[in-house]
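Asks: the sequence isn't on hand, but the structure is:
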């Protein structure tokens, strides 16, 4: 699996809109972060913030587990581990990572999309 995620903006000329993308090869984590279901940027930001607040509540011990469901991918997490999977066949394509690593990646994603589209808007983060 790739050890880095690359965040970038893709311009769709046909609809005159930038959309955030995450590249990490075939890693389910990358697909989860970039899975916006065609929502506009405001909705994508709100959804990512919701995922982050749900995750923070689990880490703080306010809940024993939580989930963040996107259009095609989902994440189920507890304080120790996060399982990320394709929502239509959870046993076919999945990965399990440390919840602190998931928190770091999701936080970086939220910060990236909140900054909005930039000409040089590429971020690379290590995932190890």
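Replies: Noted; the coordinates are in hand. Keep in mind that what you see is a predicted model, and the values were worked out from it rather than measured.

Asks: residue 114 reaches residue 44, doesn't it?
Replies: No: assessed by Cβ atoms under 8 Å, residue 114 is found out of contact with residue 44, at 10.1 Å. C-beta here means a position set from N, CA and C on the backbone, and glycine is covered the same way.

Asks: more neighbours: which of those two?
Replies: Legend: neighbour count by other Cβ atoms under 10 Å for residue 114 and residue 44, higher for residue 44 (21 against 12).

Asks: the helix or strand harbouring the more buried one - contacts with which helices or strands?
Replies: Counting by DSSP states H and E, the element that carries residue 44 is helix 41-59. Packing partners of helix 41-59 (3 or more Cβ pairs under 8 Å, 6 or more residues apart in numbering; DSSP states H and E): strand 17-23, strand 66-69, strand 73-77, helix 99-115.

Asks: so for it, what gets flagged as buried?
Replies: Within helix 41-59, the residues that count as buried by 16 or more other Cβ atoms under 10 Å are 41, 44, 45, 47, 48, 51, 52, 54, 55, 58, 59.

Asks: for the last one, which non-adjacent residue is closest in space?
Replies: If you skip the residues right next to it in sequence, residue 59 has residue 79 as its closest partner in space, 5.8 Å away by Cβ to Cβ, 6 or more residues apart in numbering.

Asks: touching, that neighbour and residue 62? I think so.
Replies: No: using Cβ under 8 Å, residue 79 is not in contact with residue 62, being 10.6 Å away.

Asks: please identify which of those two sits among more neighbours.
Replies: residue 79 (16 against 10).

Asks: for that one, give me its contacts.
Replies: By Cβ atoms under 8 Å, 6 or more residues apart in numbering, the contact list for residue 79 reads 58, 59, 61, 64, 99.

Asks: quick one: furthest residue from the center of the chain?
Replies: residue 14 (25.1 Å; Cα atoms, centre = their mean).

Asks: in three-state terms, label it for me.
Replies: When classified by DSSP: H, G, I helix; E, B strand; the rest coil, residue 14 comes out as coil.

Asks: that older thread, is it possible to export the contacts of residue 79 to TSV including pLDDT and distance to residue 22?
Replies: Below are the contacts of residue 79 laid out as TSV (pLDDT from 0 to 100; distance: Cβ to Cβ, whole Å):
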residue	pLDDT	distance to residue 22
58	98	22
59	97	22
61	97	29
64	98	28
99	98	19
